[in-house]
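Engineer: Please work out how this folds:
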Amino acid sequence: MSKSPLAASRHWVIALMSIVFAGCGTSSQPVEGYNPLADFEVLDPASIFATPEPQPSSDYTTEQLTRGRYLVGLLGCGSCHTDGALVGDPNPARLLAGSSTGIAYTSPFRNSNPGIVYPPNLTPDMETGLGSWTMERLITMIRVGTTEHSASSLPVMPWPAYSNITGEDALSIAAYLKSLPPVVHRVPGNVSRGEPAEAPYVHLGVYQRIE
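Structural biologist: Just a heads-up that it's a prediction; the model follows:
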């Protein structure tokens, strides 16, 4: 007889913060007896801090920049895109300038070497940020989560929640990001699943154990 969902024993492991890379195995599949949490420590990420002031701009109105700054703060973009924020130590000189700590987007319970994305630099630096992006490309990324090559963003960016954002709000966010003081900060390259990571990363996700 199968157990009902209520009768089954379930334990939730919630790692919305938490687990910073300390050294994983070399296989993309865990070996027998592999403890996915053995190489990690629990951390408290930083999620609330000031967004940077935009620079005055003749291209955008004060109302657009104010609205964009408010929305970027409300959406919590800095929580991932600020260096050090994911591990609880945000660098005030790199607000929204990308993270040297990555986010694993595959389960630690399935892959000892997960796929990892490093949140990019959102300031308009021409070499390491979005300075060369057109407004159209940036607005598309905000609203649809795609690049100019029409490849979907990885699920660590919650772009589906932004899909109904108004065009005016998307423009305000893009204007604000384009008006930030540029910060030179090149983040590590993304890591494919099964490949070893050379830079730190955290796991984000909700995992359910069923006995």
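Engineer: Enumerate every residue touching the spatially most central residue of the chain.
Structural biologist: Of all residues in the chain, the one closest to the mean position by CA atoms, centre = their mean is Cys80, 4.3 Å from it. Residues in contact with Cys80 (CB atoms under 8 Å, 6 or more residues apart in numbering) are 86, 99, 103, 119, 156-157. All C-beta atoms are positioned from the backbone trio N, CA, C, and that covers glycine.
Engineer: and of the residues you listed, the nearest to Pro54?
Structural biologist: For these, the residue nearest Pro54 by CB to CB is Pro119; the value is 19.9 Å.
Engineer: Looking at the contacts of Cys80, state which has the most neighbours.
Structural biologist: Each of the contacts of Cys80 was scored for neighbours by other CB atoms under 10 Å, and Ser99 scores highest at 32 neighbours.
Engineer: Give me the three-state assignment for the residue lying closest to that residue once chain neighbours are set aside.
Structural biologist: Spatial nearest neighbour of Ser99, excluding adjacent residues (CB to CB, 6 or more residues apart in numbering): Pro119 at 4.4 Å. Classification of Pro119 by DSSP: H, G, I helix; E, B strand; the rest coil places it in coil.
Engineer: Tell me who's in contact with Pro119.
Structural biologist: 80-81, 98-99, 102-103, 156, 187.
Engineer: List the ones among those residues that fall in helices.
Structural biologist: 80-81 (DSSP state H).
Engineer: Model confidence score at the residue nearest to Ser99, please.
Structural biologist: Per-residue pLDDT puts Pro119 at 92.
Engineer: Look up how far Ala104 lies from it.
Structural biologist: Distance from Pro119 to Ala104, counting by CB to CB, to the nearest Å: 12 Å.
Engineer: pLDDT averaged over the top helix by length along the chain, what's the number?
Structural biologist: If you go by DSSP H, the chain has its longest helix at helix 62-75. Average pLDDT, helix 62-75: 95.
Engineer: Leu52 and Pro158: what is the separation?
Structural biologist: For residue 52 the amino acid is Pro, not Leu. For Pro52 relative to Pro158 (CB to CB), the value is 22 Å.
Engineer: Over to Leu65?
Structural biologist: Leu65 is 24 Å from Pro158, by CB to CB.
Engineer: ok, the two, which is more surrounded?
Structural biologist: Between Leu65 and Pro158, counted using other CB under 10 Å, the more crowded position is Leu65 (22 against 13).
Engineer: Just the mean pLDDT for the helix or strand where Gln208 lies, thanks.
Structural biologist: In the assignment (DSSP states H and E), Gln208 maps to strand 206-210. The average pLDDT within strand 206-210 is 71.
Engineer: what's that strand packed up against?
Structural biologist: Judged by 3 or more CB pairs under 8 Å, 6 or more residues apart in numbering; DSSP states H and E, strand 206-210 is in contact with strand 10-14.
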